[in-house]
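A.B. asks: heads up, no residue letters with this:
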């Protein structure tokens, strides 16, 4: 059983051990009904192109907050505000980015800051490219293309 917190060295080691053995979370969503509906749509998009297991490996919960969207490593959860989930394609890519940060946290890598952020954004872009390539929904593929252009235009930052 996955422990409630993933904070101490021993807790991180146990969590990594479970994941290495194939453990996947039963992902839960907490928030108002509009938030839940939008997150469920984003999760459907994640699953539609084969990233559902990746997300459920590292994220246990997505919780609505009135603040900045962030990864809560010790809880294996994403705290997201209502604006982060307005666009389901973008929300799906944010979830993949945060899951990648959680993966690096459990692997003992530096999971925040410049280089780590580059790696997580790279995973997000990889996911968006997969949506363009594999999505059976024209609107989803087009939105993924639009977001990829945005990331390409802002690549000067990295």
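C.D. replies: Good, I have the coordinates. The structure presented is a predicted model; accordingly, all values stated were derived computationally and were not measured. Numbering: from 1, shown residues only.

A.B. asks: tell me, what residue is most central in the chain?
C.D. replies: The residue lying closest to the centre of the chain (CA atoms, centre = their mean) is residue 95, at 2.0 Å.

A.B. asks: quick one: it is in a helix?
C.D. replies: Yes. Per DSSP: H, G, I helix; E, B strand; the rest coil, residue 95 lies within a helix segment.

A.B. asks: separation between it and residue 8?
C.D. replies: To residue 8, residue 95 is 26 Å away according to CB to CB, to the nearest Å. To be clear about C-beta, it is placed using only N, CA and C from the backbone, and glycine gets the same treatment.

A.B. asks: list the helices and strands the helix or strand where residue 103 lies packs on?
C.D. replies: Assigned by DSSP states H and E, residue 103 belongs to helix 88-106. If you count contacts as 3 or more CB pairs under 8 Å, 6 or more residues apart in numbering; DSSP states H and E, helix 88-106 packs onto helix 9-20, helix 33-48, helix 52-58, strand 70-72, strand 77-80, helix 114-134, helix 138-153.

A.B. asks: Compare the ones you listed and give me the one nearest residue 91.
C.D. replies: If you check each of those against residue 91 by CB to CB, helix 33-48 wins as the nearest, at 3.8 Å.

A.B. asks: and the closest one, what's its mean pLDDT?
C.D. replies: Across helix 33-48, pLDDT averages out at 98.

A.B. asks: what comes up buried for that helix?
C.D. replies: If you call a residue buried by 16 or more other CB atoms under 10 Å, then helix 33-48 has these buried ones: 35, 36, 38, 39, 41, 42, 43, 45, 46, 48.

A.B. asks: quick one on the thing from earlier: next up, the contacts around the residue nearest to the centre of the chain.
C.D. replies: 42, 43, 46, 55, 59, 62, 78 (CB atoms under 8 Å, 6 or more residues apart in numbering).

A.B. asks: Same question for residue 39.
C.D. replies: 29, 31, 62, 80, 85, 91.
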